[in-house]
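Q: The sequence and its predicted three-dimensional model are supplied below.
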Amino acid sequence: MILYLLTIAFLIAIAPLLLTFIKALKMRLLFKRPLPLLQGYRDFSKLLKKETIISEEASAITRVAPFLVLSPLLVVLFFLPPAAQGAFYVSFVDAFTITGLLALSTFFLMLPGLDAGSSFGGMGSSREAFIAALVEPAMVLTVFSVSMMAGDLGVGQAGVNLATSFPKEHMASFLFAAISFFILLVAENGRVPVDNPETHLELTMVHEAMILDLTGVYLALIESAASVKFVIFASLFASLFLPFGLTLAWPLALLVFVGKLFLIAIAVALIEVNSAKLRLFKVPNLLGIAIVFAFLSLITFYVLGA
Amino acid sequence: MVDFLIGIFLATLITALFTTRLYRLLMWYSLNSLTLGILALTIGSQLGDGAMIASGIITLIVKAAAIPYILKRLSQKFRLVRQISPNIKVHYAIMLVPAILVFTFYLAEPITHMIDGNANYVAVSISSLFLALLLMMEHTNVAPKIVGFLSMENALFLLGTTATAGMPMLVELGIFFDLLMAIVVINLLFQYEEVRG
């Protein structure tokens, strides 16, 4: 139980570091001087000290929504597969619950964008709804098919099953699910082929457009929600699709787990450097490929058993 | 291991279906052939079949390296259009590809009862045959059509290696020779395309 709580606290603590690491790696690859790795924490503490100003048109929703963005994600953190063997984990939570909680968080992220009535906010919210609607079916299919392969519908139990007895005969459908989930990881966290997290250009903004009105504590909450979301996706990928190292002694297993998270961050950074942002109406094509692979993984598993 | 390679084989083919750039398409074809070559090497070393190992090495050299390189050089030489947009819209392709896969998986069901060992590899290779046909159908330009033809040949090679536990060496060498002849014909086609366009 202590290890369980320790892992969750550790994941929350490491979350800003991972996003800063991606940014720093990108800057280094582009021959810029990279920003220090503690910049995420500095931004957070700076935003906490800043004055919080709310638009005059905004209703009570803007005051409540940032907390409701962060809280479903914190709940999901408790349902993740364990990082080390012997740790406590919640075994019965399935793909639908996790996807639903993530969607709830996205819904409350869209509300403050619409609330103040600024044109940017509405645009960002509608784009986010457009992307989220395409991500969810693929996400349910992918996580469902992986948990079927592992022999248990609960995601936590599936992670443990995959690490202890890996189903080698289902390698092909496992690979398809991994491809699909990686596309979803990139799309849902607003990384480059779908959304550029670094610009404030009106044509490209999705996530930034929604939170343009927010300041101070509320902005800090939303920013930390974004980093926690990345950690959730990365650790789901790490424990479902890179299932090794769980059976080691717990400090070592935790170290391997963190190594996998940084590996995923490196992969995301490399993709960001090497690809241009897609036009918004080309995003359904990318997510369509994700849906094709998710469906393919499920039918390969069912029909062929491979 | 073989399951993993089969997965990559199908995944590269599906990604090639959604590509809209010629050089990227050639890269996916090269990766497709690379997995095919490694697959032949793996199965050959499992069976202890020298001929299959030899054909795997030839696949790696000819299909994964030489043919994409030659095609790229030819398309540079004749200044072919590098932007290839499929005639079938992506929205319809998203529906069509899973439909083809489900159809072929069930189509291969009676065959799989006849083969002892790797029964589902037959299903995968037949489905990749149909996907390569789709790749040929959805483009009007010559170059992607040719890549479709070559992927179809890859799918047949996969069927040959996995279903029969190794074709006779003479047959496989003949196929490689045919392929080189096809490249010569492709050269002529490109010249015709240039004269016409």
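A: Arrived safely, thanks for sending.
Q: any idea of the pLDDT on the residue nearest to A:Phe176 when sequence neighbours are not counted?
A: Excluding the flanking residues, the one nearest A:Phe176 by CB to CB, 6 or more residues apart in numbering or on different chains is A:Ser297, at 3.7 Å. Every C-beta, even on glycine, is put in place using the N, C-alpha and C of the backbone. The model reports A:Ser297 with a pLDDT of 92.
Q: my read: A:Ser297 touches A:Ser145, true?
A: Yes - with contact defined as CB atoms under 8 Å, A:Ser297 reaches A:Ser145; the gap is 4.7 Å.
Q: Quick check on A:Leu37: phi, psi?
A: Per-residue torsions, A:Leu37: phi -70, psi -20 (degrees, to the nearest 10).
Q: does the residue nearest to B:Leu107 when sequence neighbours are not counted count as helix, strand or coil?
A: Nearest-residue entry for B:Leu107: B:Ile126, 6.6 Å, with adjacent residues in sequence omitted and distances by CB to CB, 6+ apart. Applying DSSP: H, G, I helix; E, B strand; the rest coil to B:Ile126 yields a three-state assignment of helix.
Q: pretty sure B:Ile126 contacts B:Thr162?
A: No - if you go by CB under 8 Å, B:Ile126 and B:Thr162 don't touch, sitting 10.9 Å apart.
Q: re earlier: if I pick the residue nearest to B:Leu107, what's in contact with it?
A: Neighbour list for B:Ile126: B:Thr104, B:Leu107, B:Ala108, B:Ala155, B:Leu159 [criterion: CB atoms under 8 Å, 6 or more residues apart in numbering or on different chains].
Q: I'd like to know how far it sits from chain A.
A: Taking CB to the nearest CB, to the nearest Å as the measure, B:Ile126 falls 11 Å from chain A.
Q: quick one, helices of the chain?
A: In the absence of a named chain, chain A is used. A:2-29, A:39-49, A:60-79, A:95-115, A:119-150, A:155-164, A:171-188, A:207-210, A:216-241, A:250-274, A:283-299 (DSSP state H).
Q: Let me rephrase: I mean chain B.
A: Taking DSSP H as the criterion, chain B carries its helices at B:2-17, B:22-47, B:50-59, B:67-77, B:90-107, B:109-114, B:119-137, B:142-164, B:169-196.
Q: Reformat those helices as TSV; add distance to A:Leu248 and mean pLDDT.
A: Shown next, in TSV, are the helices of chain B (distance: least, CB to CB, whole Å; pLDDT from 0 to 100):
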stretch	distance to A:Leu248	mean pLDDT
helix B:2-17	24	90
helix B:22-47	29	91
helix B:50-59	36	86
helix B:67-77	42	88
helix B:90-107	38	89
helix B:109-114	40	77
helix B:119-137	34	88
helix B:142-164	37	85
helix B:169-196	46	77
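Q: Can you tell me which of the ones you listed is nearest to A:Ala187?
A: helix B:90-107 (15.2 Å; CB to CB).
Q: coming back round to it: quick check: neighbours shared by A:Ser297 and A:Ser145?
A: With CB under 8 Å, 6+ apart, A:Ser297 and A:Ser145 have common neighbours A:Ser173, A:Ala177.
Q: Residue numbers of chain B in contact with chain A?
A: Within chain B, the positions near chain A by CB under 8 Å from any CB of the partner chain are B:1, B:3-4, B:6-8, B:10-11, B:14-15, B:18, B:90-91, B:94, B:97-98, B:101-102, B:105-106, B:109, B:120, B:123-124.
Q: Emit the PyMOL select command for whichever of those residues are buried.
A: Restricted to buried positions by 16 or more other CB atoms under 10 Å in any protein chain shown, the PyMOL selection for the residues of chain B next to chain A reads:
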select buried, chain B and resi 3+4+6+7+8+10+11+14+15+18+90+94+97+98+101+102+105+120+123+124
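Q: still on that earlier bit, give me the number of residues near the residue nearest to A:Phe176?
A: 29 (other CB atoms under 10 Å in any protein chain shown).
Q: From A:Asp115, how far out is it?
A: From A:Ser297 across to A:Asp115, the span is 39 Å (CB to CB, to the nearest Å).
Q: One more: A:Val135?
A: For A:Val135, the distance to A:Asp115 - CB to CB - is 23 Å.
Q: Please apply the same query to B:Leu60.
A: Distance from B:Leu60 to A:Asp115, by CB to CB: 59 Å.
Q: Settle it for me: which of these two has more neighbours?
A: A:Asp115 (22 against 18).
Q: for that one, what are its contacts?
A: A:Ala58, A:Ser59, A:Ile61, A:Thr62, A:Ala65, A:Gly121.
Q: residues near the fifth one, how many?
A: As a burial measure, A:Ala65 scores 23 neighbours (other CB under 10 Å).
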